[in-house]
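Q: predicted model, plus sequence, below.
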Amino acid sequence: MPGPVTLKNITTFEMAQHQLHECVYKCAKILELEDEVMRMLENPMQQVQVSVPVKMDDGTTRVFPGFRVIHNNVLGPAKGGIRFHPEETVDTVKALAAWMTWKCALLDLPLGGSKGGIICNTKELSEGELERLSRSYIDRIWKFIGPDVDVLAPDVYTTPQIMTWMMDEYSKVSGKNQFGAVTGKPVLVGGSVGRNNATAMGGMYTIREAAKELEIDLSQTTIAIQGFGQVGSSAARLAEKLFDAKVVAVSDSRGGIYNPDGLNIKDVIQHKAKTKSVIYAPNTKTITNTEVLELDVDILIPAALENVITRDNAKNIKAKILAELANGPTTPEADNILNQNGIHVIPDILCNAGGVTVSYFEIVQNRCMWYWTAKEVRKRLDKKMTHAYHEVLSTSKECNLDMRMGAYAVALSRIVDAMKLRGWV
Ligand SMILES: NC(=O)c1ccc[n+]([C@@H]2O[C@H](COP(=O)([O-])OP(=O)(O)OC[C@H]3O[C@@H](n4cnc5c(N)ncnc54)[C@H](O)[C@@H]3O)[C@@H](O)[C@H]2O)c1
């Protein structure tokens with residue numbers, strides 16, 4: 001975790017990392033954690049940097065820099081995505097690995113946190129080059145990963161096909177089938193059913209519990225969702241299906257759409273498939289992304305970018321529940337304003353943890369060679385998310401913390417207790 005940083009001239013992503021670290025520091029003070037404990041959590045336990053050679057289609061060889069970072073594995077084998085991005089940096093990978101540590105601990109998964117990345121532009125690579133890159137990366141890092149050590153998962157620009165190549169290469173070098181070394185695989189080769197909409201589904205369970213706490217009848221609620229990608233569109237569909245709630249607005253990078261009587265989500269999905277955007281879907285009014293956030297709705301779901309709720313617009317948020325399916329959508333200054341205004345925030349590390357939870361289920365199924373039905377996956381996800389929500393709620397009430405700090409308090413105390421038990425600190 002960095003010390004004070006100048007917030008001038010830093011990218012949005014660095015800003016999101018900074019917020020995350022701020023939460024951890026604040027929480028560490030509340031929990032009165034000793035300096036050596038914080039030093040242990042400040043830096044990753046292991047950082048591997050590799051050069052990944054790839055034979056290109058034109059006969060030349062290119063070398064791509066790659067990383068794999070384990071932030072902390074006190075609770076179990078590390079778990080984290082692998083990103084293929086032209087602007088990847090080891091600092092980003094380190095921050096994201098720490099984020100995985102907090103999320104896994106909060107959900108009480110027997111896993112630590114890790115992350116990896118390769119600096120590359122997937123749009124410039126052929127299918128064959130992409131496969132050779134994925135396999136070559138595993139050839140460089142295979143000694144540092146595995147089902148009992150560090151499990152890989154998809155992230156930015158890495159797909160189920162890439163995960164399958166990586167699992168296959170790891171199986172080859174280790175001389176046996178090792179489905180549990182990688183998650184996010186297609187169901188046919190050891191993936192879990194229910195992973196596609198797990199993040200949104202997990203978020204819905206936390207919204208259901210928040211509504212009970214606030215005595216809100218979900219069938220009478222209106223919902224606005226920023227972002228209509230994998231997570232946002234699933235959230236819109238599920239809110240209609242599970243709660244019979246009215247989704248009145250959704251948006252994407254080109255703008256938002258609004259209908260006070262409720263959108264027809266199926267039509268919006270079809271419109272987006274045809275035109276690549278939600279805007280101008282039939283029977284809707286076009287609005288801006290800012291307007292989407294400030295609508296007079298009961299539930300607001302950011303499901304796109306970081307830092308969209310800031311000190312400038314937080315006072316205009318009218319929703320009773322803010323369910324953070326996106327990572328880092330709210331700045332610390334905005335958090336204070338939301339809390340003062342009595343908005344119930346379901347923080348990102350809780351709200352969007354359904355994805356990593358079903359990834360954990362994938363590891364369990366791979367280890368047992370016993371595959372669950374969609375109903376079983378949903379039931380287990382519900383149990384995990386509901387339990388985590390109530391732990392955060394009761395901690396925040398008992399310790400007089402907001403929900404975000406409550407979530408970090410639960411996660412940090414679990415990690416610190418385990419480090420003490422194992423004699424690390
Ligand atoms: N996919 C997962 O399982 C998962 C898990 C945990 C957290 N998240 C978080 O959820 C968020 C969305 O992830 P995703 O997988 O749905 O991504 P995605 O790429 O499928 O969708 C992102 C959506 O955001 C929209 N968008 C981009 N710029 C925008 C802007 N300026 N204003 C409004 N909308 C804009 C895009 O048009 C798209 O609809 C991210 O913050 C991600 O980190 C995703």
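A: Arrived safely, thanks for sending. Numbers count the residues shown, from 1 in each chain.

Q: dump the residue contacts of the closest residue to Met45 other than its chain neighbours.
A: Among residues not flanking Met45 along the chain, Ile70 sits closest, at 5.2 Å (C-beta to C-beta, 6 or more residues apart in numbering). In short, each C-beta sits where N, CA and C put it, glycine included. By C-beta atoms under 8 Å, 6 or more residues apart in numbering, the contact list for Ile70 reads Pro44, Met45, Gln46, Gln47, Ala78, Ala97, Gly112, Gly113, Ser114, Asp150.

Q: cross those residues against helices and list the overlap.
A: Residues from the contacts of Ile70 lying in helices, with DSSP state H as the criterion: Ala97.

Q: can you list which of the contacts of Ile70 are found in strands?
A: Within the contacts of Ile70, residues falling in strands by DSSP state E are Gln46, Gln47, Ala78, Gly112, Gly113, Ser114, Asp150.

Q: and the residue in the chain that the ligand sits nearest to, how many neighbours?
A: Nearest residue of the chain to the ligand, counting by C-beta to the nearest ligand atom: Gly229, 1.7 Å away. Using other C-beta atoms under 10 Å, Gly229 has 13 neighbouring residues.

Q: check the gap between it and Asn283 for me.
A: Counting by C-beta to C-beta, to the nearest Å, the gap from Gly229 to Asn283 is 22 Å.

Q: what residues does the stretch 251-400 of the chain put near the ligand?
A: Ser251, Asp252, Ser253, Asn289, Ala303, Ala304, Leu305, Leu325, Ala326, Asn327, Asn352, Gly355 (C-beta under 6 Å from any ligand atom).

Q: and those, which is closest to Asn316?
A: Ranked by distance to Asn316 (C-beta to C-beta), these are led by Asn289 at 13.2 Å.

Q: measure that closest one to Met100 for me?
A: Taking C-beta to C-beta, one finds Asn289 at 28 Å from Met100.

Q: which of these two has more neighbours?
A: Comparing Asn289 with Met100 by other C-beta under 10 Å, the one with more neighbours is Met100, at 25 against 17.

Q: using the three-state scheme, assign the more buried one.
A: helix (DSSP: H, G, I helix; E, B strand; the rest coil).

Q: and it, how far is that from Gln226?
A: The value you get for Met100 to Gln226, if C-beta to C-beta is used, is 24 Å.

Q: which residues of the chain fall in strands?
A: For the chain, applying DSSP E gives strands covering 46-55, 61-72, 78-84, 112-118, 150-154, 222-226, 246-252, 255-258, 285-287, 299-302, 321-323, 344-346.

Q: mind putting the ones you listed in JSON lines, mean pLDDT and distance to Ser394 included?
A: Shown next, in JSON lines, are these (pLDDT from 0 to 100; distance: least, C-beta to C-beta, whole Å):
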{"stretch": "strand 46-55", "mean pLDDT": "98", "distance to Ser394": "34"}
{"stretch": "strand 61-72", "mean pLDDT": "98", "distance to Ser394": "25"}
{"stretch": "strand 78-84", "mean pLDDT": "96", "distance to Ser394": "26"}
{"stretch": "strand 112-118", "mean pLDDT": "97", "distance to Ser394": "24"}
{"stretch": "strand 150-154", "mean pLDDT": "97", "distance to Ser394": "30"}
{"stretch": "strand 222-226", "mean pLDDT": "98", "distance to Ser394": "26"}
{"stretch": "strand 246-252", "mean pLDDT": "97", "distance to Ser394": "30"}
{"stretch": "strand 255-258", "mean pLDDT": "98", "distance to Ser394": "36"}
{"stretch": "strand 285-287", "mean pLDDT": "98", "distance to Ser394": "38"}
{"stretch": "strand 299-302", "mean pLDDT": "98", "distance to Ser394": "22"}
{"stretch": "strand 321-323", "mean pLDDT": "98", "distance to Ser394": "18"}
{"stretch": "strand 344-346", "mean pLDDT": "98", "distance to Ser394": "14"}
